[in-house]
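K.L.:
Below is the sequence, then the predicted model.
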Amino acid sequence: FALRKMQESKELLREQESQLQTIIENLTEGLAVSDLDGQLQLFNRAALDLHGFNTLDECRQHLSQFADTFELSAMDGTAWPVEQWPLARILRGESLRGLEVRVRHIQAGWQRVFNYGGTLVRNAGGQPLMAILTISDITESKQMEKTLRESEARLHTLVQTIPDLVWLKDAESVYLSCNPMFERLYGAKEADI
């Protein structure tokens, strides 16, 4: 009876591990797992695709070895040494959420903006077991934000330079902006409306 119970438990454990692996592989967000020394153990399919890897074996290396393949930098373009990379920060005990990073693949020549999150995974006693890192490609949304800012700046310049009377209101008739001609005729500054 005990042997049968142990076999059932092992089978249940294998089934649960298989389900967990299926879930991890089907996440649309990249997931990387590292041991506490910075040795990468797992990249799910999304993380492999984001970084241009074909197989898990390509990325099963120490964090420091990725510096030959990738350059990470702040959004202002300041390059980071490996010690400032998201996984290195997590390994030092920092929890990350919404960290935007420019990532350049040195050999492939592409550059993207990734959003990182992650933390140390701890056991019931609070001891760290591993580091997990989540990765999302936000390149397109960052480009849209930039395009929108540029468009707003062009509109503001246009409104300010038109010699005719111009004011902008929203759908509720709240004044949003006006030009110098409006200010001259009505004596109201844009900051006052």
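P.N.:
Alright, I've got the coordinates.
K.L.:
Let me see the ranges of the strands in the protein.
P.N.:
For the chain, strands defined by DSSP state E occupy the ranges 30-34, 40-43, 70-73, 96-105, 111-122, 128-137, 167-169, 175-178.
K.L.:
Reformat these as a markdown table; add mean neighbour count and distance to residue 53.
P.N.:
The way it works is simple: take the backbone N, C-alpha and C, and place the C-beta from them, glycine included. Output for the strands of the chain, formatted as a markdown table (neighbours: other Cβ atoms under 10 Å; distance: least, Cβ to Cβ, whole Å):
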| stretch | mean neighbour count | distance to residue 53 |
| --- | --- | --- |
| strand 30-34 | 21 | 11 |
| strand 40-43 | 18 | 7 |
| strand 70-73 | 16 | 11 |
| strand 96-105 | 15 | 10 |
| strand 111-122 | 17 | 14 |
| strand 128-137 | 19 | 12 |
| strand 167-169 | 15 | 49 |
| strand 175-178 | 16 | 47 |
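K.L.:
Model confidence score at residue 24, please.
P.N.:
Looking at residue 24, its pLDDT is 70.
K.L.:
contacting residues for the most centrally placed residue in the chain?
P.N.:
The chain has residue 115 as the residue nearest its centroid, 0.7 Å off, counting by Cα atoms, centre = their mean. Residue 115 sits next to 98-101, 135-138 when contact means Cβ atoms under 8 Å, 6 or more residues apart in numbering.
K.L.:
And residue 49, by the same measure?
P.N.:
Counting by Cβ under 8 Å, 6+ apart, residue 49 touches residue 30.
K.L.:
Residue 88 now?
P.N.:
Applying Cβ under 8 Å, 6+ apart to residue 88 gives the contacts 38, 63, 82.
K.L.:
if I look at it, how far off is residue 124?
P.N.:
26 Å (Cβ to Cβ, to the nearest Å).
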